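# Dropping a prediction and its sequence here:
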Amino acid sequence: MSSVFDIQCAAVIGAGTMGRGIVMSLANAGIQVLWLDNNAQMLEQALAMVAKTNDHNVKLERITAEQAAKRFACITPVADYAALADADLVIEAVYENLELKQQIFRTLDATLKPGAILASNTSALDIDAIAAVTQRPDHVLGLHFFSPAHIMKLLEIVRGEKTSKAVLDAALALGKRIDKVSVVAGNCNGFIGNRMLHTYVREARMMLLEGAYPHQVDAALQGFGFAMGPFRMYDVVGIDLEWRARELAGRGQDAPEVQVDNRLCELGRFGQKSGMGYYRYAEGSRQAEHDPEVDALVLGVSERLGFKRRDIGPDEILERCLLALVNEGAKILQENIAANSHDIDLVYLNGYGFPADKGGPMSWADSQGVADIQARLRYLQENRGEHWRPAQLISQLAASDKGFADVQEGSL
């Protein structure tokens, strides 16, 4: 690997939740980090929060006071882009807005030394559209950390159309150094994890309109072994994130499946952070409590949209959520967005709380038999609509009696 990519000094732009976690991930591995945010007060608060996290880890005897001091000493707050000129790598971690990210990348491209790598922590946006505004598209890639970034193990490394192999290798080496499970993903909306999550969550949300309640959907998926169901997950990350993103994008807000989310957000029920979301939380508690008010709200939205409610049992909940994941995973494999099914499983085991004993969604599908998965998808297609049509790859594998594990990059 070219010594140009010996990452000694990194920079992070953004002092929000993601920026803080990324800075800690780098500093905890002994990497010097320059930290920039256009809001000086926010940067000050973020530094205080890092110090507090380190102190907490000292109290719990996870690290020594000396280690905490060493970690904190790796972080240098800076006031402008000019201060980043000599960084080897910059990770942009501002909110999901393409124009804003492009503006930042133009500035970075003009300011940083020619050999520097420019990375975006976007969770869904087009890496090629970000790279296109720079003079160095071969040095641009996505580094999608999962929240909280200093704790979650997964790192999705997103290769743009022009990202060089040396830059990808440098990103993989960095992932190892900061103790992440790294998976390379192709560039598409949502990459591997969030693209699949979108289909899974859509089914969960539709079932609320058709007759289920949030606590029932979550109970079925937690019973299968997920760390948490989709509605509990939204409470943890904040229901308002997607709501605000839809507002910002000016689209998606009218879709039937997001109307329950919209109502919750209009009521200020943003999740755990506001003490109420899909569940209710006692003061300072993370314990989710079933809230009959949410059931009433779900019922009201569902009836207003003209749905005829019916009982939906745990088997149907599992079937629709799991098969939505698998079918989208098959399309991701088919399009070479993931190198193999094992990588997809790694993403789901390390980033989305998929039960470890099931090996990941594609491994679980192989254990069911791809022909069986195909038959179940066809049944859903006939009864629930065209979006359930089995991916072409599923039909191919079923016809040749193979599994997802037999698919290797370029073998299609």
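Happy to help now that I have it.

# Check what pLDDT Phe72 gets.
On the pLDDT scale, Phe72 is placed at 98.

# if I pick it, what's in contact with it?
Residues touching Phe72, when contacts are defined by C-beta atoms under 8 Å, 6 or more residues apart in numbering, comprise 27, 50-51, 54. (C-beta placed from N, C-alpha, C; glycine too.)

# so which strand or helix has the residue nearest to Pro361 when sequence neighbours are not counted?
The shortest distance from Pro361 to any non-neighbouring residue, by C-beta to C-beta, 6 or more residues apart in numbering, is to Leu325 (4.5 Å). Take DSSP states H and E as the rule and Leu325 turns out to sit in helix 314-334.

# Gly175 too?
Under the criterion of DSSP H and E, Gly175 resides in helix 165-177.

# same for that helix, what does it pack against?
With contacts defined as 3 or more C-beta pairs under 8 Å, 6 or more residues apart in numbering; DSSP states H and E, helix 165-177 has these neighbours: strand 117-120, strand 140-145, strand 154-159, strand 181-185.

# Could I get the CA-only coordinates of that helix as PDB?
Presented in PDB, the C-alpha positions along helix 165-177 are these (Å, rounded to 0.1, in the frame of the first residue of the first chain):
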ATOM      1  CA  LYS A 165      -8.200   0.300  -4.600                       C
ATOM      2  CA  ALA A 166      -5.400   1.900  -2.600                       C
ATOM      3  CA  VAL A 167      -8.000   4.200  -0.900                       C
ATOM      4  CA  LEU A 168     -10.300   1.200  -0.200                       C
ATOM      5  CA  ASP A 169      -7.300  -0.700   1.300                       C
ATOM      6  CA  ALA A 170      -6.400   2.300   3.500                       C
ATOM      7  CA  ALA A 171     -10.000   2.400   4.700                       C
ATOM      8  CA  LEU A 172     -10.000  -1.300   5.500                       C
ATOM      9  CA  ALA A 173      -6.700  -0.900   7.400                       C
ATOM     10  CA  LEU A 174      -8.200   2.000   9.300                       C
ATOM     11  CA  GLY A 175     -11.200  -0.100  10.200                       C
ATOM     12  CA  LYS A 176      -9.000  -2.800  11.600                       C
ATOM     13  CA  ARG A 177      -7.000  -0.200  13.600                       C
END
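
# all numbers from here: first residue = 59
Yep, numbering from 59; the last one is helix 223-235 now.

# Let me see the mean pLDDT of it.
When pLDDT is averaged over helix 223-235, the result is 96.

# so how far is that helix from its chain's centroid?
Relative to its chain's centre, helix 223-235 lies at 20 Å (C-alpha atoms, centre = their mean, to the nearest Å).

# Go through it and flag the buried ones.
Of the residues in helix 223-235, 225-226, 228-230, 232-233 count as buried by neighbour count, 16 or more other C-beta atoms under 10 Å.
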